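A.B. asks: My questions are about this predicted structure, shown below with the sequence.
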Amino acid sequence: MSAAATPRVVELTSPFTRFAGRLLVGVGYEVVLAEPPEGHPDRQEDPVGFAHWHAGKRSVTVPGPPELRRLLAGADILLDGTPDGADTTGLDHLVHVRVTPFGLVGPRSHWQGTDLVVAALGGMLAQVGDPDGPPLHLPENQAEHLAGVNAAIAALLGLRACRRGPGQLADVSAQACVAAALEAGTLAYLHEDRVPPRPGHVHPLVPHGLFRAADGHLGGGLGGSPRMWDALLDWLCEQGAQADLTEPRWQDPVERKKHQEYVFKVVQDFAGTWPKAEFAERAQDRKLPWAAVDVPAELPDNPQLVARGFFTEVDGRTDLGFPFAFPEGRRITALTVPAAGADQKLLAARRPVSVGEGDSARPALDGVRVLDLTWVLAGPYCTKVLADHGADVIKVESAGRPDPTRFAPFMHLSRGPHTDPDTNGYFNEVNRNKRSIALDTRTDDGVAVLRDLVASADVLVENFSATVMTRLGLGWDTLREINPRLVYVSMSGMGHTGPRAGWVSYADTVSASSGLTGLTGWGPGEVVGVIYGHGDIVAGLQAALATVAALEHRERTGRGQHIDLSQLEAIAAHLGTSLLTSARSPIGNTHPVWSPQGVYRSLGADNWLAVSVRSDEEWAALCRVIGRPDLAATADRRRHSALVDEAIGAWTRTLPADLAAELLQQQGVPAGAVQDGRQLVEHDPQLRARGFYVRMAHPAAGAFLHEGPPIRLTRTPGSVRTPAPLLGADTEEVLREVAGYSPERLRYLYDAGVLR
């Protein structure tokens, strides 16, 4: 590929690749959908879904392998969702991204996987639902979306590595993508020997949850700082709704946590009298993190999304837009659905490609320097992805303003008081492979040091609120004046522009605003909600994709850019076809087309089996396995769902979930046990065979397992190379190497208290 050419992607589509293709349309790549001669079956069976996933792509019908090979000869990337994989022998220029439910190696690589089954085996289902009820499926195919964004990242990493050598195979396991996106799900087991129960409506780590409003639901809570508690209490007092919360004992956050159920009841009594939108707006006026729980059909009325031009038109219908504007602030306002074979001329046209010189096995982002001003989860997750694939990530923090997770009381391997900023497992997981400098940016000297670091950086990532960088004197205009080639990724909750740019956002409130929370439940009025940091992880992955896309854009144009990523837009872009279908209420663990699909209790305490049946053949096979061949003739199994579920449940209750899954998978029926953090680490044979969990010794916390990268690049692999840094451990080294500071300059900064 020439430096100036637009990359060409050929997509052999599947549910686990189609989002990757859509994302690459969003970053301006030419995506060619390779279809069978009669066209993709979804054109007839699911035209609305086809429009969402494939608008903006080109279409070539491919009669057989020779024609596909001719098409691939002029492509840069192959997104391959086929079970057996395309033959790319001899196409040394090509980045071949294979996306499968469980990966290409391991004892379960041949298993059938749907979104529900992959979410169960990847650990997602164990984190959603009430503690005394069944696990609950996140709506709109979140496992498939996680696989898709990781596949898009893999494609761009492979493309970047092509500048130093030939193409390569990228093996993307959807299960591993889910297992790497559980926030605390596995970390609680690794660092506390604890498996948290499903949290219901209440966040397991912070005092937030789902509350009823007069006309729906709200996401929010007590906030994360004394100021937020004081502001909430003042509001309650103004309205005479404070009960006894003004008593001195409630000023103690430990006391509030100990009696959280009571405190939440007082807040619920107050919130329940308000319309959801008005309550959220009044709370945000006080800088309190609350949001109305909306459903996708309400998103076109969201003033923030409208003001930022988030939506796109697909053949005249309003659809969800892309997770970030790219390149250089471009928004895609309209897309069309290609006719089958509309671009057959691509088969005949020759497009020159080249193989990179050399054969370097260095990670794809080796040589890229990233200034990491992020904290908590969304931002550090982004920079973790970059660091795993070779970027030199320099985390900028200080004793006066550390990452709050360094001092969080949960997830420490050691017993006793947890005041050591270097032993928190949550922090250490998402900050491995990075360096740390201690820099007080509240001082003029500290900002001057930061400016010097910006001058020699490739990327700066921050997830502050919208005005922080401008207040530091480091808005985009200043940053690009310092370094015109800088890629600056901001990732605030709402984005830097728009009427809600100043809203205070946590992962749960962003999920509430996006429509995801409103679809997570059992039916109309039975919302359970998303009570872990799924939105943070989605934002982090999309920011990583944006970063690598911007680095590639810089290679072709020489220009850096500011990517103003809104976490709200990032998670809304993961809502699939929900806007086109006007999804208004949850559907639990069922599927809009397939039947049966559900989660069934199996042998043992809180053990469950996820099952999806996609065809009459799979239904007949399931009936044979459970010993009910008489059910195979059921004309409308969806209409008789109670009978069907009872029969499946009677069978699963007598068997361990793993055994039941194996019996069904042997007959080609997608099934899998719902796994929690302990089961993922201790028992999952597929993750073990793939070496997913990596043991690494930390100088303060000791040795523990890390979640490995879910993307496996065969020639330039990412890895867990070093443990998370001690606070400020690399200050002198970085300032000497990167900023060129003399011993005298360093001594002055130490004496001035800037490097602490």
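C.D. replies: Nice, thanks for sending it over.

A.B. asks: Find the nearest non-adjacent residue to Glu707, please.
C.D. replies: Nearest residue to Glu707, sequence neighbours excluded (CB to CB, 6 or more residues apart in numbering): Ala180, at 5.0 Å. C-beta here means a position set from N, CA and C on the backbone, and glycine is covered the same way.

A.B. asks: For Gly718, see how far away that neighbour is.
C.D. replies: 12 Å (CB to CB, to the nearest Å).

A.B. asks: got any residues that touch both of these two?
C.D. replies: Pro709 (CB atoms under 8 Å, 6 or more residues apart in numbering).

A.B. asks: give me every residue that touches Thr478.
C.D. replies: Going by CB under 8 Å, 6+ apart, Thr478 touches no other residue.

A.B. asks: three-state assignment of it?
C.D. replies: With DSSP: H, G, I helix; E, B strand; the rest coil as the basis, Thr478 sits in helix.

A.B. asks: Can you point out the buried residues in the longest helix that the chain contains?
C.D. replies: In the chain, taking DSSP state H as the definition, the longest helix is helix 534-557. For helix 534-557, the neighbour count (16 or more other CB atoms under 10 Å) marks 534-554 as buried.

A.B. asks: and what of stretch 103-116?
C.D. replies: 103-104, 106, 108-109, 111-116.

A.B. asks: one step back: would you list the phi and psi of the residue nearest to Glu707?
C.D. replies: phi -90, psi 0 (degrees, to the nearest 10).

A.B. asks: Check the contact between it and His706; I expect there is one.
C.D. replies: No - here Ala180 does not reach His706: they are 10.0 Å apart, not a contact under CB atoms under 8 Å.

A.B. asks: what residue ranges in this structure score low on pLDDT?
C.D. replies: 1-4, 414-417, 635 (pLDDT under 70).

A.B. asks: what does the domain assignment say about it?
C.D. replies: Domain segmentation of the chain under automatic domain parsing yields 225-288, 597-673.

A.B. asks: can you redo these as CSV with mean neighbour count?
C.D. replies: Shown next, in CSV, are the domains of the chain (neighbours: other CB atoms under 10 Å):
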stretch, mean neighbour count
domain 225-288, 15
domain 597-673, 18
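
A.B. asks: how about the helices of the stretch 301-450 of the chain, start to end?
C.D. replies: 303-307, 345-348, 378-388, 425-430, 444-455 (DSSP state H, counting those that start in this stretch).

A.B. asks: before we move on, the earlier item: for the longest helix of the chain, name the packing helices and strands.
C.D. replies: Counting contacts by 3 or more CB pairs under 8 Å, 6 or more residues apart in numbering; DSSP states H and E, helix 534-557 packs against helix 142-161, helix 378-388, strand 459-462, strand 487-490, helix 507-514, strand 561-564, helix 567-572.

A.B. asks: Return the angle between stretch directions for that helix and helix 378-388.
C.D. replies: 50 degrees (axes from the mean of the first three to the mean of the last three CA atoms, to 10 degrees).

A.B. asks: any idea which helix or strand carries Leu236?
C.D. replies: helix 226-238 (DSSP states H and E).

A.B. asks: chain center to the following helix or strand past that helix, what's the gap?
C.D. replies: Counting by DSSP H and E, the next helix or strand C-terminal to helix 226-238 is helix 253-258. In terms of CA atoms, centre = their mean, to the nearest Å, the centre of helix 253-258 is found 31 Å from the chain centre.

A.B. asks: Check which helices and strands helix 253-258 sits against.
C.D. replies: Counting by 3+ CB pairs under 8 Å, 6+ apart, helix 253-258 packs on helix 226-238.
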